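> Sequence and predicted structure, then a few things I'm wondering about:
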Amino acid sequence: DIQMTQSPSSLSASVGDRVNITCRASQSITNSLNWYQQKPGKVPKLLIYGASSLQSGVPSRFSGSGSGTDFTLSITSLQPDDFATYYCQQSYITPYAFGQGTKLEIK
Amino acid sequence: QVQLHQWGAGLLKPSETLSLTCAVFGGSFNDYYWTWIRQPPGKGLEWIGDINPSGRTNYNPSLRSRATTSMATSKNQFSLRLTSVTAADTAIYYCARSPPLLTGTPFDCWGQGTLVTVSS
């Protein structure tokens, strides 16, 4: 099975900052990597699919990059609404797997 | 706009069978893969399995063949059964949609989630 590892597990940042969250797959998954945002008590929300494509309705301050085994979710100019937990997910081969999550907190 | 609405029993005893159903409103049922995902309280997300328009299924081996997904296309519904539940199966269970023609085949639409608690 493919393992997904995110770093960091938690991150403190301020409104207006730029942050990067990384996700590493245990083997190549080409560009079959998706990113989700989840707020406490809420349903996960798709942000980025296919490593770099922005889901409709998602603000352009979110972007994704990478291929193979290493991927990055970048958020520029953090807004108060962005403080949440972020998950990567591989869809290259079943069993599909999520990273353990990165909790983004307000500094 | 597509909406997924799910329901099922929220409290089970050990060894019982979990049964959840998800109904799809406002969108095509036959053009997507339909997925179940769970999240133990305070923990991360785990993919359970999916079913495609032809009825082919995939499951997470970690569930040791306890999971079964099925669909009723005439009702735009799909279901999950998980047998022999234990406390380790306590989680919020989500149904979700996956468009197979979209790069990365992401989960782009989710049900509201159902908290299933297993306790004697």
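All right, it came through fine.
> Give me the number of neighbouring residues for residue 24.
Picked chain A for this. Neighbour count of residue A:24, defined by other CB atoms under 10 Å in any protein chain shown: 16. All C-beta spots, glycine's among them, are computed from the backbone N, C-alpha and C.
> That was the other one, I meant chain B.
For residue B:24, the neighbour count with other CB under 10 Å is 22.
> What strand or helix carries it?
Here residue B:24 sits within strand B:18-25, counting by DSSP states H and E.
> how about that strand: buried residues?
B:18-24 (16 or more other CB atoms under 10 Å in any protein chain shown).
> Nearest to chain A, out of those residues: which one, please.
The closest of those to chain A turns out to be residue B:22 (CB to the nearest CB; 12.8 Å).
> thought the closest one was touching residue B:34?
Yes. Counting by CB atoms under 8 Å, residue B:34 is a contact partner of residue B:22 at 7.2 Å.
> Could you pull out the residues contacting both of the two?
Counting by CB atoms under 8 Å, 6 or more residues apart in numbering or on different chains, the contacts common to residue B:22 and residue B:34 are B:78, B:95.
> So is the strand holding residue B:24 next to chain A?
No. For strand B:18-25, no contact with chain A is found by CB under 8 Å from any CB of the partner chain; the gap never falls below 12.8 Å.
> Report the contact partners of the residue nearest the centre of chain A.
Centroid check for chain A by CA atoms, centre = their mean gives residue A:35 as the closest residue, at 3.9 Å. Going by CB under 8 Å, 6+ apart, residue A:35 touches A:23, A:46-48, A:62, A:64, A:73, A:86-89.
> Of those residues, which ones also sit close to chain B?
A:46, A:87, A:89.
> Pipe the residues you listed into JSON lines and attach secondary structure and pLDDT per row.
Formatted as JSON lines, the ones next to chain B among the contacts of residue A:35 follow (DSSP: H, G, I helix; E, B strand; the rest coil; pLDDT from 0 to 100):
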{"residue": "A:46", "secondary structure": "strand", "pLDDT": "97"}
{"residue": "A:87", "secondary structure": "strand", "pLDDT": "98"}
{"residue": "A:89", "secondary structure": "strand", "pLDDT": "98"}
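> can you give me the strands for the chain?
You didn't pick a chain, so chain A it is. A:4-7, A:10-13, A:19-25, A:33-38, A:45-49, A:53-54, A:62-67, A:70-75, A:85-90, A:97-98, A:102-106 (DSSP state E).
> That was the other one, I meant chain B.
B:3-8, B:11-12, B:18-25, B:33-39, B:46-51, B:57-59, B:67-72, B:77-82, B:91-98, B:109-110, B:114-118.
> which one of those lies closest to residue A:81?
strand B:109-110 (18.5 Å; CB to CB).
> Kindly state the beta-bridge partners for the most centrally placed residue in chain B.
Most central in chain B under CA atoms, centre = their mean is residue B:36, positioned 2.5 Å from the mean C-alpha point. Note on residue B:36: beta-bridge partners residue B:49, residue B:95, judged by DSSP bridges.
> In contact with it, which residues?
B:20, B:47-50, B:67, B:69, B:80, B:93-96 are the contacts of residue B:36 under CB under 8 Å, 6+ apart.
> again, only using 10 Å
B:6, B:20, B:22, B:46-51, B:59-60, B:67, B:69, B:78-80, B:82, B:93-96, B:111 (CB atoms under 10 Å, 6 or more residues apart in numbering or on different chains).
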